[in-house]
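**Student:** Give me a model of this one.
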Amino acid sequence: MVLSDSRTTPGGAPTSGTAPSGDPSGDRGDRDGLVPRRVSATDVVLAHLRAAIESGELAVGDKLPTEAELGRRHDVSRSVVREALRTLQALGLTASRAGKGTYVLSPRPNPVFGSYSARDLLEVRRHVEIPAAGYAASRRTQDDIDHLLTLIERMERETDSTAWVALDSLFHLAVAGASGNPVFQKIIEEIRDALARQSSFLNRLGDRRRQSEAEHRALIEAIVEGSEGAAVHAMAAHLERVETALHAIVRPGTAHTPHEGEAIHE
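**Tutor:** This next block holds a predicted model:
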């Protein structure tokens, strides 16, 4: 299967044979005095490959071009290509075969985080984390409160995305620990790697970080106040927004192809 070329010019505009969609003026960045949105080079490669898979240009079973070939086509480094390929795999669109390359697995996204699908993970989280939050509000100790406050403060200061994701999973483990029920804590410990993968996925494609921090703050406030109902509501709202973000990301046709005027950076 031959993919169309979508190299970017130094100014950041795609060089495909068609005009940029959604902006016939070609002056989107300057219109209404808006500052052009920064789009990463990884986003460009990802959007191009995802669109090719979802449209059928790349069919199930087709092998994707090599990292080197994709790098040449898009004029980007291999590290950029690898990140795009990792995201495709996280979306459930492709699978890597050792020594053979990357192949199309499905025409529709179905995110998998470690050993668990997004759906399976969300179902378990609803039945575990929501009641655990309620118990945490009624059973928390001062040490639990101090630990949760320390974690959220570190998250809000953290500049490294990988470190932030690790803190996020620790936060959810700490809430389960504050419930006073070791079974809740054991379950969250078991799925902690999957939680971290999901968190990284949502931050990368859904820009969830700041909103997630605000949701964590609301949960901590309920736990500190000892309000079981408010804690249950806060955790339920948090998981509902996680689900909404996941649905927005996996919905077919939602891959963002940069328009002319959008700044592309590697």
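**Student:** pretty sure Gly180 is in a helix, no?
**Tutor:** No. Remark: Gly180 does not belong to a helix; assigned using DSSP: H, G, I helix; E, B strand; the rest coil, it is coil.
**Student:** What is the burial count for it?
**Tutor:** The number of residues packed around Gly180, counting by other C-beta atoms under 10 Å, is 16. C-betas here are computed from N, CA, C, even on glycine.
**Student:** So for it, what's the nearest residue that isn't a sequence neighbour?
**Tutor:** If the residues on either side of it in the chain are set aside, Gly180 comes closest to Arg139, at 4.0 Å by C-beta to C-beta, 6 or more residues apart in numbering.
**Student:** which residues does the one you found contact?
**Tutor:** Residues in contact with Arg139 (C-beta atoms under 8 Å, 6 or more residues apart in numbering) are 178-180.
**Student:** which residue ranges form the helices in the protein?
**Tutor:** If you assign secondary structure with DSSP state H, the helices in the chain sit at 41-55, 67-74, 78-90, 118-139, 142-157, 161-178, 182-190, 192-206, 209-225, 228-250.
**Student:** Present those helices as JSON lines; the columns should include mean pLDDT and distance to Arg97.
**Tutor:** Conversion of those to JSON lines gives the following (pLDDT from 0 to 100; distance: least, C-beta to C-beta, whole Å):
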{"stretch": "helix 41-55", "mean pLDDT": "92", "distance to Arg97": "16"}
{"stretch": "helix 67-74", "mean pLDDT": "93", "distance to Arg97": "14"}
{"stretch": "helix 78-90", "mean pLDDT": "91", "distance to Arg97": "11"}
{"stretch": "helix 118-139", "mean pLDDT": "97", "distance to Arg97": "23"}
{"stretch": "helix 142-157", "mean pLDDT": "98", "distance to Arg97": "37"}
{"stretch": "helix 161-178", "mean pLDDT": "97", "distance to Arg97": "27"}
{"stretch": "helix 182-190", "mean pLDDT": "98", "distance to Arg97": "28"}
{"stretch": "helix 192-206", "mean pLDDT": "93", "distance to Arg97": "21"}
{"stretch": "helix 209-225", "mean pLDDT": "98", "distance to Arg97": "33"}
{"stretch": "helix 228-250", "mean pLDDT": "96", "distance to Arg97": "23"}
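**Student:** need those in JSON lines with distance to Val112, can you?
**Tutor:** Below are the helices of the chain laid out as JSON lines (distance: least, C-beta to C-beta, whole Å):
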{"stretch": "helix 41-55", "distance to Val112": "16"}
{"stretch": "helix 67-74", "distance to Val112": "21"}
{"stretch": "helix 78-90", "distance to Val112": "7"}
{"stretch": "helix 118-139", "distance to Val112": "7"}
{"stretch": "helix 142-157", "distance to Val112": "25"}
{"stretch": "helix 161-178", "distance to Val112": "17"}
{"stretch": "helix 182-190", "distance to Val112": "16"}
{"stretch": "helix 192-206", "distance to Val112": "9"}
{"stretch": "helix 209-225", "distance to Val112": "21"}
{"stretch": "helix 228-250", "distance to Val112": "11"}
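**Student:** wait, which of those is closest to Pro111?
**Tutor:** Each of those has some distance to Pro111 by C-beta to C-beta; the shortest is helix 118-139, at 4.2 Å.
**Student:** And this structure, what are its domain boundaries?
**Tutor:** As given by automatic domain parsing, the domain ranges for the chain are 31-109+252-265, 114-250.
**Student:** so how far is the first one from its chain's centroid?
**Tutor:** Okay, so that is domain 31-109+252-265. Taking C-alpha atoms, centre = their mean, to the nearest Å, the mean C-alpha location of domain 31-109+252-265 is offset from the chain mean by 15 Å.
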